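**Student:** take this sequence and fold it.
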Amino acid sequence: MGRWRPPVKQGSPYITAAGYEALEAETTSIWKRRREVVKHLAAAAAEGDRSENAEYIYRKKELGQLDRRIRYLQRRMPELNVVATIPSDPSRVFFGACVQLEDEEATVSDYRIVGSDEIDGARGWISVDSPMAKALMKRAVDDEVTLRVGSDERNYVIVALSYPDPATG
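**Tutor:** Have a look, this model is predicted:
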């Protein structure tokens, strides 16, 4: 059995200014961490037999993970388009919008539509490529949105819509 996996479909090339700055900061910190790992790896390699050297094996795996992330960021970041403006029609849902939804049970949920590289479920940040974001696009306050989840249908009403300052994220 091989290690080949089908390529992952790339998300939309959009990102907020704050999200792009976070990726730049991550790149810088990974390069710093990589230098430390290389030092520890060299020290572990100098200890002798590498086949039974747990420190060497661990550092080698860690270096591979860091290099994999660096390669991904180096390929992905030039492709990204930073969206640093509020749309011309702020009464409709577009990229970067903060949307408050109410479901049939009167439960209110807050979401922000961001790029695929900055999603965060705990903060309610969803990808512009997600089914929820696609259903919300170009809708306005008081519009009803129906989302199909498997064989289930859920109805939501857009209660509020805003756009944070693009410069601060």
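**Student:** surely Asn81 is in contact with Ile15?
**Tutor:** Yes: here Asn81 reaches Ile15: they are 7.2 Å apart, a contact under CB atoms under 8 Å. (Glycine included, C-beta is placed from N, CA and C.)
**Student:** check which residues of the longest strand belonging to the chain are buried.
**Tutor:** With residue count as the measure and DSSP state E as the assignment, the chain has strand 152-162 as its longest strand. Taking 16 or more other CB atoms under 10 Å as the neighbour-count basis, strand 152-162 is seen to contain the buried residues Tyr156, Val157, Ile158, Leu161.
**Student:** Pro6: which of the residues you listed is nearest?
**Tutor:** The shortest distance between Pro6 and any of the buried residues of strand 152-162, using CB to CB, involves Tyr156 and amounts to 32.7 Å.
**Student:** surely that closest one and Val149 touch.
**Tutor:** No: distance between Tyr156 and Val149: 11.5 Å, which falls outside the contact criterion (CB under 8 Å).
**Student:** which of Asn81 and Ile15 has more residues huddled nearby?
**Tutor:** Here Asn81 and Ile15 are set side by side on neighbour count (other CB atoms under 10 Å), and the busier one is Ile15, at 28 against 12.
**Student:** just name the shakiest helix or strand of this structure by mean pLDDT.
**Tutor:** The element with the least model confidence among the helices and strands of the chain, by mean pLDDT, DSSP states H and E, is strand 144-149, at a mean of 88.
**Student:** identify all contacting residues around the longest strand of the chain.
**Tutor:** Contacts with strand 152-162, where a contact means CB atoms under 8 Å, 6 or more residues apart in numbering, come from 90-93, 97-104, 108, 136, 139-148.
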